[in-house]
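Novice: Based on what follows, work out the 3D shape:
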Amino acid sequence: MAGVDSLPNPQAEWLAQSGLESRVLFPADAAYATRIDSYWCNSAKLRPSCIVQPHSAYEVSRAVTALAKTNQPFAVRAGGHTNWAGSNNIADGVTIDLGLLNSTQYDDTNQTAHLGPGGKWKDVYAELERHGRTVSGGREAEVGVGGFLLGGGNTFYTSRYGWACDNVVAYEIVLADGSIITAEAGGRHTDLFRALKGGGNNFGIVTRFTMRTIPSGPIWGGLALHPLDAVPAGVDALVDFTTNNASDPYTNMQFVVGHQPRFGGGVGITIANNMLAVEKPPLLQKSLALPEIMNNYKTTTLQEVLTYSSLPPNYYNIWFTLTIKNDASIVRKAAALHNEMAKELQAGIPDQDFTSHVSFQPVPRLFVQQSHAANSSGNVLGLEQNTYDAILIQASASVRTAELEAWARPKVCALVDEVRTFASSIEGGAVPWVYLNYAHSGQEVLQSYGPENVGRIREAALKYDPEGVFQRLCPGGFKISAVKD
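Specialist: Have a look, this model is predicted:
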C-alpha cells in the first residue's frame with residue numbers, strides 16, 4: 001500500500017486519514033479484481049475508484065464519516081447479489097464492501113442469532129445447524145444477508161412466521177453522522193426499527209442483524225419438471241395452494257414457467273417443500289399429480305434445497321416484478337406471454353446461451369396475519385392494503401452481453417406491462433404492491449407500500465439522516481427522496 005501522500009485518488013486519501021488505509025483496494029490490486037468478479041450479475045460489475053473493506057461497525061462509521069464530510073458518492077455492498085447496475089456498486093466513487101462483516105453467532109441465552117450483513121445464507125444456515133437452529137432467511141445459497149432482510153425477504157417460512165424482516169429483533173446501524181445505534185422493539189428507536197423492515201438503505205448502514213431462531217431439522221422437498229402442456233393444470237394447482245395455504249403453513253411452493261437449457265428448453269417447474277419433513281403433504285396433492293419429466297423430491301437438508309432455485313453467475317440479469325390477484329386467468333396470461341418472449345429470445349440469440357422465466361409465488365392474506373403475529377411493531381411493506389390472496393411474479397431473462405441485455409430488457413418490461421394491463425381488467429386483479437428484492441430500478445417500490453408507510457419511511461430518513469447523506473451520496477437502492485409527496 002502506498003503512503004498517504006501518493007494515494008491514487010482523493011477518496012482514498014480521506015479514507016486513509018480516517019485510519020482505513022490498510023482497508024482500501026485499488027483497481028490495480030488483485031483483490032480489487034476478485035471482489036468485482038464476485039458480484040453475481042455482470043450488470044453490477046462497475047469500477048469504483050476504490051473499495052473499502054471495513055472489519056467492524058466502528059470502521060464502517062469511519063468510512064461513512066469521511067465520505068459524508070467530503071461529499072463523496074458511495075455505494076454499499078453486502079452479499080453482492082442485487083442485479084441492477086448501481087444497486088450495490090458505483091462507477092468512480094467508493095464502494096463500502098461489507099463482505100468481511102459476515103459472521104454468524106448464536107446466542108443460546110435467548111435463542112437469537114447475530115448476523116453480519118455480508119454473510120450469505122448458505123453459511124448462516126451451516127453455522128446455526130451446529131446448534132440445532134435456523135432462521136427465516138433466504139431461499140438461495142448465494143444471496144446476502146443485508147439486502148435480503150432490508151427488502152422484506154420472502155422465505156421458506158413466510159406462511160408460518162411472516163417475512164424475514166418480521167423475524168429481526170434488533171438492528172445495529174451506522175448513521176450518516178457516524179454514530180452507531182441499536183434499533184429494536186420497545187427501545188429508543190422504534191420508528192427506525194419499523195422503517196428498516198422493508199425500507200431499504202434510506203437510513204444508514206446496518207452492521208448487524210439480530211434474528212429470532214427456530215428449531216432446525218430435516219425437510220422434505222425438491223423440484224419437479226413438467227412438460228409445457230401441463231402448465232394450465234400447474235396454474236390451477238398454484239391457485240388452489242394459495243387459497244388453502246393456511247391449512248398447512250409449513251408447506252411452501254412456487255411454480256415457474258421458463259426456458260432453461262439445462263432442463264431441455266421450455267418447461268414448467270414446481271419447487272415445493274415441507275419444513276417439518278412431512279412427505280407429500282396433502283396441500284401439494286394437485287401439484288404432485290401433474291405430468292412430470294422428472295422430480296427429485298425427498299427428505300433432505302435445507303442446504304441441498306437452497307441449490308434448486310440457483311441461477312448461474314456471470315450473466316446480465318434482467319428482473320421485473322409485479323403482484324396480481326390469485327386468479328388462474330392472469331397467471332395463464334403471464335405464462336403465455338413468457339413463452340412468446342422466449343421464442344423471441346431464441347430467434348435473436350443464435351448460440352441459445354440464455355435463460356428466461358416467470359416465477360409465480362403465493363402471497364396469501366395469511367402472510368399479513370403471520371407478520372403481525374411475529375412482529376407486533378409492524379413493517380412498512382404495506383401488504384395490509386391487499387384485500388385478496390395474491391401471487392408475486394418475478395419475470396427474468398439472463399443473457400451474456402451488455403448489448404443483449406439492452407435488447408432483451410424492453411421485452412421483459414413489456415411482458416410485465418401486458419400482464420398488468422390484463423390483470424387490471426379483472427376486479428382486484430392488479431395488486432399495487434411491488435417487492436423490492438425483485439424490482440427493476442425503474443419500478444416504483446416504496447410508493448407501492450401506501451401513503452402511511454411512505455410517511456413513516458420519510459420521517460425516519462429525515463430524523464436519522466437529516467443532511468440526506470444516504471439520499472444524495474448513496475444513489476443505489478430505492479430512495480424515499482425520489483417519491484413525490
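Novice: With the flanking residues excluded, which residue is spatially nearest to residue 338?
Specialist: Nearest residue to residue 338 in three dimensions, chain neighbours excluded: residue 358, at 4.5 Å (Cβ to Cβ, 6 or more residues apart in numbering). Every C-beta, even on glycine, is put in place using the N, C-alpha and C of the backbone.
Novice: just residue 326 next, same as before
Specialist: The shortest distance from residue 326 to any non-neighbouring residue, by Cβ to Cβ, 6+ apart, is to residue 389 (4.1 Å).
Novice: thought the one you found was touching residue 323?
Specialist: No - judged on Cβ atoms under 8 Å, residue 389 makes no contact with residue 323 at a distance of 10.9 Å.
Novice: Return the distance of stretch 205-225 from the chain's centre.
Specialist: Mean-position distance between stretch 205-225 and its chain equals 14 Å (Cα atoms, centre = their mean, to the nearest Å).
Novice: Let's see the distance spanning it from one end to the other.
Specialist: In stretch 205-225, first residue to last residue: 41 Å (Cα to Cα, to the nearest Å).
Novice: domains of the chain?
Specialist: The record's domain split for the chain, according to automatic domain parsing, is 4-97, 104-215+449-472, 219-446.
Novice: By mean pLDDT, show me the worst of the ones you listed.
Specialist: Among the domains of the chain, domain 4-97 has the lowest mean pLDDT, at a mean of 93.
Novice: Distance from that domain to the middle of the chain?
Specialist: Offset of domain 4-97 from its chain centre (Cα atoms, centre = their mean): 22 Å.
Novice: for stretch 404-415, same thing?
Specialist: 21 Å.
Novice: From the chain's centroid, how far away is the top helix by length along the chain?
Specialist: Secondary structure of the chain per DSSP state H: the longest helix is helix 402-424. Centroid separation for helix 402-424 versus its chain: 20 Å, with Cα atoms, centre = their mean.
Novice: what comes into contact with that helix?
Specialist: Here helix 402-424 makes contact (Cβ atoms under 8 Å, 6 or more residues apart in numbering) with 42-43, 316, 318-322, 324-325, 327, 330, 333-334, 337-338, 341, 344-345, 348-349, 354, 356, 358, 393, 395-397, 399, 429-430, 440.
Novice: quick revisit: would you turn the domains of the chain into a markdown table with distance to residue 484?
Specialist: Listed next are those as a markdown table, based on distance: least, Cβ to Cβ, whole Å:
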| stretch | distance to residue 484 |
| --- | --- |
| domain 4-97 | 21 |
| domain 104-215+449-472 | 10 |
| domain 219-446 | 10 |
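Novice: circling back to that earlier point, go through the contacts of helix 402-424 and flag which are in strands.
Specialist: Using DSSP state E, 316, 318-322, 324-325, 356, 358, 393, 395-397, 399, 430 are the members of the contacts of helix 402-424 that sit in strands.
Novice: Kindly indicate which of these lies nearest residue 456.
Specialist: Nearest to residue 456 among the ones in strands among the contacts of helix 402-424, counting by Cβ to Cβ, is residue 321 at 22.2 Å.
Novice: residues touching that closest one, list them.
Specialist: Neighbouring residues of residue 321 by Cβ under 8 Å, 6+ apart: 392, 393, 394, 395, 416, 434, 435, 438, 439, 440, 443.
Novice: farthest pair in these?
Specialist: The largest separation in those, counting by Cβ to Cβ, is between 392 and 440 at 14.5 Å.
Novice: In terms of neighbours, single out the busier of those two.
Specialist: residue 392 (21 against 18; other Cβ atoms under 10 Å).
Novice: Next, the contact list for the more buried one, please.
Specialist: 154, 321, 323, 360, 361, 362, 363, 435, 438.
Novice: got those residues as a markdown table, with distance to residue 113 and secondary structure columns?
Specialist: A markdown table is the format used below for those (distance: Cβ to Cβ, whole Å; DSSP: H, G, I helix; E, B strand; the rest coil):
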| residue | distance to residue 113 | secondary structure |
| --- | --- | --- |
| 154 | 19 | coil |
| 321 | 28 | strand |
| 323 | 30 | strand |
| 360 | 31 | strand |
| 361 | 25 | strand |
| 362 | 27 | strand |
| 363 | 26 | strand |
| 435 | 24 | coil |
| 438 | 25 | helix |
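Novice: Report the buried members of the residues you listed.
Specialist: 154, 321, 323, 360, 361, 362, 363, 435, 438 (16 or more other Cβ atoms under 10 Å).
Novice: Skip the chain neighbours and tell me the closest residue to the last one.
Specialist: Closest residue to residue 438 apart from its sequence neighbours, by Cβ to Cβ, 6+ apart: residue 321 at 3.7 Å.
Novice: How much space separates residue 432 from residue 113?
Specialist: With distances taken as Cβ to Cβ, to the nearest Å, residue 432 is found 33 Å from residue 113.
Novice: Looking at these two, which has the bigger crowd around it?
Specialist: residue 113 (23 against 14).
Novice: Over to that one. Which of the three states is it?
Specialist: strand (DSSP: H, G, I helix; E, B strand; the rest coil).
Novice: Was I right to think it contacts residue 211?
Specialist: Yes - Residue 113 lies in contact with residue 211 (Cβ under 8 Å); the separation is 5.2 Å.
Novice: Now do the shared contacts for those two.
Specialist: residue 135.
Novice: what about residue 419, how many neighbours?
Specialist: Residue 419 sits with 26 neighbouring residues when counted by other Cβ under 10 Å.
Novice: Next, the closest residue to residue 69 other than its chain neighbours: phi, psi?
Specialist: Computed as Cβ to Cβ, 6+ apart, the closest residue to residue 69 that is not its neighbour in sequence is residue 14, at 7.6 Å. Main-chain torsions, residue 14, degrees, to the nearest 10: phi -70, psi -40.
Novice: can you check the one 4 residues further on too?
Specialist: Geometry field for residue 18 lists phi and psi as phi -90, psi 10, criterion degrees, to the nearest 10.
Novice: What about it, how many residues nearby?
Specialist: A count of nearby residues for residue 18, using other Cβ under 10 Å, gives 20.
Novice: I figured it was touching residue 66, is that so?
Specialist: Yes - in this structure, residue 18 is within contact of residue 66 by Cβ under 8 Å, at 4.3 Å.
Novice: Correct me if wrong, but residue 278 is in a helix.
Specialist: No - secondary structure of residue 278 (three-state DSSP): coil, not part of a helix.
Novice: and the closest residue to it other than its chain neighbours, how many residues sit next to it?
Specialist: Once flanking residues are discounted, residue 278 sits nearest to residue 220: 6.1 Å by Cβ to Cβ, 6+ apart. Residue 220 has 21 neighbours, counted by other Cβ under 10 Å.
Novice: In which helix or strand does residue 220 reside?
Specialist: Residue 220 belongs to strand 219-226 when assigned by DSSP states H and E.
Novice: What residues of that strand count as buried?
Specialist: Those would be 219, 220, 221, 222, 223, 224, 225, 226, for strand 219-226 by 16+ other Cβ under 10 Å.
Novice: Which residues does the third one form beta bridges with?
Specialist: Partner residues in beta bridges with residue 221: residue 273, residue 298, with DSSP bridges as the criterion.
Novice: mind listing what it touches?
Specialist: So residue 221 contacts 271, 272, 273, 274, 297, 298, 300, 305 (Cβ under 8 Å, 6+ apart).
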